[in-house]
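In: Provided below for reference: sequence and predicted model.
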Amino acid sequence: MNIELLLANIRNGSVRFAGITHDSRNVRPGYIFVAILGKNHNGQDYIREAIDKGAACIVSERPCPSPIAGDSIEVCCVKSPRRWLAPLSDAVYGHPSRSMHLIGITGSNGKTTIASMIHSLFAEQGLACGLIGTVENEINGVRSPAKLTTPEATDLQHMLFDMLQAGTRHAVMEVSAQGVEMGRIDETDFSIGIFTNLTTDHLDFHGSMNEYVSAKKRFMNRLKPGKIAIYNLDDPLVKESIRESAAKPFSYSLFDREADLSIQMVEQNASGSRFFVAVSPRLISQETQREPGATGFMELIPFFLPLPGLHNVSNALAALLTGMLSGLEPIVMKQALAKFQPVTRRMEQTVWNDLHVIDDTAMNPGSIQAVLNSFQLNRYNQVTVAFAIRGNRGIDVNRENALVLQEWWRHNRYLSPKLILTSSVDYIEANDKVSPEEEQIVLDTLRQNHVSFTFCPRLADAIEHVNRTAAPGGILFLLGAQGMDEGFRILSQYGKIKDLVKG
């Protein structure tokens, strides 16, 4: 069958399917199976399995294996099966995003925390809200570990369909540049898009910073007229992209009072931040507010966020602006922020053997700087950073990560900071394995800049070194992506965790 005809028939209701998947393990009777070329597997090799499980339609690049005579299935041979994943998935599940208030967040950093904040704002308002993100997904109150930051189109549309079927009409999700590039969000109708910031990352996939930036912008630029685009004015690259979207632009900023939502006053310490916001006149006049004058009332509310760091205040501004434009009540949002708990490995704080421990998935230059700049280090007896080198991401981001660590070390040299690096060869999976070139660029960059550090290939050895050398009254940063995921668990085996517990 012609693929365009198949899609048209699904859209007009003359043909119905029970579901659609690109994973043969998930095929059910009456499903469409789209055989795509994945990173490790070729879907073409699993067509027979899909047919045996009851697939009613096969979409593939090459002709299906013979014989399939007697199999009552439709077969569509197309040049690029992946290109049809999103249109077919959206059609099979009845265009669920069109009936939802769907919020998408893109940017290098902050996506996970902002998504969780927005989710908590809606929950506090008593509105059912779905969550799709890097750490976990929440669908109709059921939480499950996430596999991808932005799911494949088949999974995404199924999730939105399930939410809608259960009466959940609000959802927030992270939108990765890779997800945009691979067409995972094609055909998805977003009510609000948020653009947080840009820093060097994922060049292994995108090839260059320009391509990476372009993918982020494409998400915002695909927002339809009448929808809402929210931008962080504190990032120059984000700020300059405001004029490119057809959606109605709004902005937030820590420093720019021309933004629609900005900070009037902020007081910070290790336990969190207290702040007041400034609201632009045009935002006060928005008809999206639940109560007349509610937005102006925002300026009188003292907000408290139990997370340290200005970058988390910025994250809160993005969430608050989204809530305001979604009609949430200011007092309710204040209550939600005051109770907000950090996402796993996002500025989680613990006391371990009289050591203040910060566990964060800081993995690129921007996030490393944000975390390390969030604390007054001269208040501590000792400063230690244990950092997991980024694996399978190329030498460029690792060089820049090393330069950030080098600059931080030199700036705080008077505190005699300890820097411990690891490639986590004992815990990392193959997809995140640190290459010899990635490891070498980090170590060489630090040596060339005369930075004192300790390198342990194994994560267990790096944490054991921390245990031997850490001093009471000090602060310890456990930083890095997958390579540091087990760091705190290993550390906790060496001593007692006090009342300030993670999460």
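Out: Thanks, I have the structure now. Numbering: from 1, shown residues only.
In: Y414: neighbour count?
Out: 7 (other C-beta atoms under 10 Å). Backbone N, C-alpha and C define where each C-beta goes, glycine included.
In: Toward the C-terminus from the helix or strand of the chain with the lowest mean pLDDT, list the very next helix or strand.
Out: Across the helices and strands of the chain, mean confidence by mean pLDDT, DSSP states H and E is lowest for helix 203-206: a mean of 52. Moving toward the C-terminus from helix 203-206, the next helix or strand (DSSP states H and E) is helix 209-221.
In: partners of the next helix or strand after that following helix, with directions?
Out: Following helix 209-221 in sequence order, the next helix or strand is strand 228-232 (DSSP H and E). Strand pairing for strand 228-232, determined by DSSP bridges: strand 192-195 (parallel), strand 248-253 (parallel).
In: Just checking the distance from the next helix or strand after the last one to the centre of its chain.
Out: Toward the C-terminal end, the helix or strand that comes next after strand 248-253 (DSSP H and E) is strand 261-269. How far strand 261-269 lies from its chain's middle: 24 Å, per C-alpha atoms, centre = their mean, to the nearest Å.
In: Determine how far the helix or strand following strand 261-269 lies from the middle of the whole chain.
Out: For strand 261-269, the following helix or strand on the C-terminal side (DSSP H and E) is strand 272-279. Offset of strand 272-279 from its chain centre (C-alpha atoms, centre = their mean): 24 Å.
In: Give the buried residues for strand 272-279.
Out: Of the residues in strand 272-279, 272-273, 275, 277-279 count as buried by neighbour count, 16 or more other C-beta atoms under 10 Å.
In: now those residues as TSV including pLDDT and distance to C129?
Out: Converted to TSV, these look like this (pLDDT from 0 to 100; distance: C-beta to C-beta, whole Å):
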residue	pLDDT	distance to C129
G272	93	23
S273	94	24
F275	95	24
V277	93	22
A278	91	27
V279	91	24
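In: Can I get those in CSV including distance to H450?
Out: Formatted as CSV, the buried residues of strand 272-279 follow (distance: C-beta to C-beta, whole Å):
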residue, distance to H450
G272, 36
S273, 35
F275, 39
V277, 44
A278, 44
V279, 48
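In: of all those, which comes closest to L121?
Out: Each of those was scored against L121 by C-beta to C-beta, and V277 proved nearest at 14.2 Å.
In: Who does the closest one form a beta bridge with?
Out: I263.
In: what's near enough to touch it?
Out: By C-beta atoms under 8 Å, 6 or more residues apart in numbering, the contact list for V277 reads 261-264, 298-299, 301, 303, 317, 320.
In: Restricted to buried residues, select these in PyMOL.
Out: Applied in PyMOL, the following selects the buried portion of those according to 16+ other C-beta under 10 Å:
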select buried, resi 261+262+263+298+303+317+320
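In: M1 is in contact with E74, isn't it?
Out: Yes: between M1 and E74 a contact is recorded at 4.9 Å, counting by C-beta atoms under 8 Å.
In: who's more crowded, these two?
Out: Each of M1 and E74 has its neighbours counted (other C-beta under 10 Å); E74 has more, 16 against 13.
In: which stretches of the stretch 401-503 of the chain have low pLDDT?
Out: Along the stretch 401-503 of the chain, the model assigns pLDDT under 70 to residues 495-503.
In: before we move on, the earlier item: format the contacts of V277 as CSV; extra columns: pLDDT.
Out: Formatted as CSV, those follow (pLDDT from 0 to 100):
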residue, pLDDT
L261, 95
S262, 94
I263, 93
Q264, 86
M298, 80
E299, 82
I301, 89
F303, 96
L317, 97
L320, 97
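In: Closest to A177 out of the contacts of V277?
Out: Using C-beta to C-beta, L317 comes nearest to A177 of those, at 22.3 Å.
In: Tell me the backbone dihedrals of the closest one, please.
Out: The phi/psi pair for L317 (degrees, to the nearest 10) reads phi -60, psi -40.
In: residues in contact with it?
Out: Neighbouring residues of L317 by C-beta under 8 Å, 6+ apart: 252-254, 261-263, 277.
In: Name the residues that touch stretch 306-316?
Out: With C-beta under 8 Å, 6+ apart, stretch 306-316 has contacts from 109-110, 113-114, 117, 196, 232, 234, 252, 254, 263, 266, 268-273, 275, 303, 305, 337-342, 347, 349, 370-371, 373-375.
In: The same query, at a cut-off of 6 Å, please.
Out: Residues from elsewhere that reach stretch 306-316, judged by C-beta atoms under 6 Å, 6 or more residues apart in numbering: 110, 113-114, 254, 270, 272-273, 275, 305, 342, 347, 370, 374.
In: quick check: mean pLDDT across that stretch?
Out: Mean pLDDT, stretch 306-316: 94.
In: Alpha carbons only: can I get that stretch in CSV?
Out: Provided in CSV are the C-alpha atoms of stretch 306-316 (Å, rounded to 0.1, in the frame of the first residue of the first chain):
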residue,chain,number,x,y,z
PRO,A,306,14.4,25.1,48.9
LEU,A,307,17.1,24.7,46.3
PRO,A,308,20.4,26.6,46.3
GLY,A,309,21.8,28.5,43.4
LEU,A,310,20.8,31.4,41.1
HIS,A,311,20.4,28.9,38.3
ASN,A,312,17.5,27.3,40.2
VAL,A,313,15.9,30.7,40.8
SER,A,314,16.1,31.1,37.0
ASN,A,315,14.4,27.7,36.7
ALA,A,316,11.7,28.8,39.1
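In: T154: what's it in contact with?
Out: Listed by C-beta under 6 Å, 6+ apart, the contact partners of T154 are 20-22, 89.
In: Please apply the same query to A318.
Out: For A318, the contact set (C-beta under 6 Å, 6+ apart) comprises 114, 194, 252.
In: Equivalent analysis for A338, please.
Out: Applying C-beta under 6 Å, 6+ apart to A338 gives the contacts F304.
In: so what's E181 closest to, chain neighbours aside?
Out: Counting by C-beta to C-beta, 6 or more residues apart in numbering, A215 is the residue found nearest to E181 once chain neighbours are left out, at 4.9 Å.
In: Could you measure from P249 over to D260?
Out: The gap separating P249 from D260 is 9 Å, by C-beta to C-beta, to the nearest Å.
In: List the beta-bridge partners for N269.
Out: Going by DSSP bridges, N269 forms beta bridges with G272.
In: What score does it have for pLDDT?
Out: For N269, the predicted pLDDT is 87.
In: Near it, how many other residues are there?
Out: Counted by other C-beta under 10 Å, the residues lying close to N269 total 11.
In: just C129 next, same as before
Out: The local packing of C129 (other C-beta under 10 Å) involves 21 other residues.
In: Might one say that it is in contact with H119?
Out: Yes: using C-beta atoms under 6 Å as the test, C129 is close enough to H119 to be in contact (5.3 Å).
In: now the contacts of L317 in TSV, with distance to R489?
Out: TSV is the format used below for these (distance: C-beta to C-beta, whole Å):
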residue	distance to R489
Y252	36
S253	38
L254	34
L261	38
S262	39
I263	36
V277	38
